[in-house]
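Undergrad: My questions concern the predicted model and sequence given below.
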Amino acid sequence: MKSIAVFAPLLAILVTAPAATEALPFPDWFSSLISPRATVCNGFADACSRSFSNFTFIGTHDSYAISSSNLAANQDVSITAQLNAGIRMLQSQAHRSENRTTTGAGIDLCHQNCALFQGGALENYLSEVKRWSDQNPNEVISLLIVNSDSLPASQFAQAFESTGLAAKAYRPGKITGIDKSEWPTLGSLIDAGTPVVAFLASYADDSVPYLIDEFTNMFENDYNQLSTPFNCAVDRISRGYNPNQMMYLSNHYLDVSVLGSTTVVIPDKKNMFKTNSQSAVVSGAQSCAAIHNNALPNFILVDFFNTPQRNGPLQAAAQLNGLPWSSNSTGVPRGSISYAGQDSTGSGSGNSGTGSGGSGGNSAAGPSVLFSAAPAWNVALLGTSLIAMAVGTLL
């Protein structure tokens, strides 16, 4: 009763005070009583005060392209397993669905061409991300969607809305030209219930305030590089924007040419242990920083992130962020990391993915065998015997 008496005068003021034309903000200590603030962000208390633009996240290149045997795959564990391990950016390539019976947004995740790798419906993918985010509310994660077929932002919004992920997506007030200094802290994103930051590589527009334009807010170096050290020079950026005021993404994955082609490339698995080693990732990031005003990459994209399983990209992120390494770079328990072919729970993972889940999903097949239904020009370019010879030299 004494506690009620102490707060009685304050309650009386709140109840009897006349309406004001402009509400005065409550002091921080009072607001924290009403809505407690996150004390741990991405695994660490110290990270809560770090700006989103002053943090290095490891991302998975073509995160949906999951298989242990398909040559067009870039990862070999499910989306959930990637996130459990500490991946905090998921990159994907989106195409207009060719399935005439599709419902929902009609967007599939495919590798260059859906005949080469069919990763399933966007709704499947976003639903899996949503489930994980609901279970891990103190983890800030990013999505980067390559809009391969120049689809309108509203079409992507349909998938975000139907899966419920739109409600968890950060809305910055403007989707273009956000200065590095304007990004909120990880703690602020978590406190607001918007820990998902979604970027659209092209055709973002103001009608969808949570699909943030990529190249007016961050730049990238070249991709599909065939040799190391990686070239970290600015490669893709919107015209008229100053890279010194932007975040940036480092494409840290090594490819090999198939039969000398300059356009048909696959991940260089032979050198994956070296490319993805902690020392190589840290060295690459520091080399990038040396030419970009001492700013480390905000995002580092890799193939087969869990090769090697020790002293790999996630440990590199911990080192770059100046944070200790526990089970992973964010402190979230690693959990089970099942390899493709053994894990049937992931979005398009293994050979059992159907690509037909989520709200309004379509009935597209799961991950397909490389070139199994490829157009004639692909078959002519990579005949069965030549593919076998190429595979033999790469494995």
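TA: Thanks, I have the structure now. The structure presented is a predicted model; accordingly, all values stated were derived computationally and were not measured.
Undergrad: separation between Tyr253 and Leu144?
TA: Tyr253 sits 14 Å away from Leu144, going by C-beta to C-beta, to the nearest Å. C-betas here are computed from N, CA, C, even on glycine.
Undergrad: How about Trp183?
TA: 15 Å.
Undergrad: do Phe304 as well
TA: Shown here: Phe304 relative to Leu144, a distance of 18 Å by C-beta to C-beta.
Undergrad: List the contacts of Cys288.
TA: Asn221, Cys232, Tyr248, Ser250, Leu296, Pro297 (C-beta atoms under 8 Å, 6 or more residues apart in numbering).
Undergrad: Tell me what the fourth one is bridged to.
TA: Right, Ser250. Listed beta-bridge partners, Ser250: Ile300 (assigned using DSSP bridges).
Undergrad: Surely it and Ser283 touch.
TA: No. Counting by C-beta atoms under 8 Å, Ser283 is not a contact partner of Ser250; they are 11.7 Å apart.
Undergrad: Looking at these two, which is more packed in?
TA: Ser250 (25 against 15; other C-beta atoms under 10 Å).
Undergrad: dump the residue contacts of that one.
TA: Each residue near Ser250 by C-beta under 8 Å, 6+ apart is listed here: Glu220, Asn221, Phe230, Cys232, Gly284, Ala285, Cys288, Pro297, Phe299, Ile300, Leu301.
Undergrad: Repeat that for Asp206.
TA: Lys174, Ile175.
Undergrad: Give me the three-state assignment for Ala81.
TA: What DSSP: H, G, I helix; E, B strand; the rest coil gives for Ala81 is helix.
Undergrad: What distance do you get for it to Gln155?
TA: Distance of Ala81 to Gln155, computed by C-beta to C-beta: 28 Å.
Undergrad: Between the two, tell me which one has more neighbours.
TA: Of the pair Ala81 and Gln155, Ala81 is the one with more neighbours under other C-beta under 10 Å, namely 24 against 19.
Undergrad: In the stretch 51-200 of the chain, where is pLDDT below threshold?
TA: Along the stretch 51-200 of the chain, no part satisfies pLDDT under 70.
Undergrad: which residues in it form helices?
TA: Secondary structure of the stretch 51-200 of the chain (DSSP state H, counting those that start in this stretch): helices located at 79-85, 122-135, 153-163, 186-191.
Undergrad: winner for burial among those helices?
TA: helix 79-85 (a mean of 25; mean count of other C-beta atoms under 10 Å).
Undergrad: Give me the helices and strands touching that helix, please.
TA: strand 89-96, helix 122-135 (3 or more C-beta pairs under 8 Å, 6 or more residues apart in numbering; DSSP states H and E).
Undergrad: Try it again at 7 Å.
TA: Applying 3 or more C-beta pairs under 7 Å, 6 or more residues apart in numbering; DSSP states H and E, one finds that helix 79-85 contacts helix 122-135.
Undergrad: Just checking the distance from the helix it packs on to the centre of its chain.
TA: When distances are taken as C-alpha atoms, centre = their mean, to the nearest Å, helix 122-135 is centred 12 Å away from the chain's centroid.
Undergrad: so what secondary structure elements neighbour that helix?
TA: Applying 3+ C-beta pairs under 7 Å, 6+ apart, one finds that helix 122-135 makes contact with helix 79-85, strand 89-96, strand 107-110, helix 153-163.
Undergrad: and Asn99, how far is that from Gly193?
TA: Taking C-beta to C-beta, one finds Asn99 at 34 Å from Gly193.
Undergrad: More neighbours: which of these two?
TA: Set Asn99 next to Gly193 and count neighbours by other C-beta under 10 Å: Asn99 wins out with 18 against 12.
Undergrad: separation between His61 and Glu161?
TA: According to C-beta to C-beta, His61 and Glu161 sit 27 Å apart.
Undergrad: isn't Ser150 right next to Ser202, touching?
TA: Yes. Judged on C-beta atoms under 7 Å, Ser150 makes contact with Ser202 at a distance of 6.5 Å.
Undergrad: Comparing those two, which residue is more hemmed in?
TA: Ser202 (16 against 8).
Undergrad: ok, the closest residue to that one other than its chain neighbours - contacts?
TA: The spatially closest residue to Ser202, leaving aside those adjacent along the chain, is Asn147, at 4.6 Å (C-beta to C-beta, 6 or more residues apart in numbering). Contacts for Asn147 were tallied using C-beta atoms under 7 Å, 6 or more residues apart in numbering; they are Ala94, Leu200, Ala201, Ser202, Tyr203.
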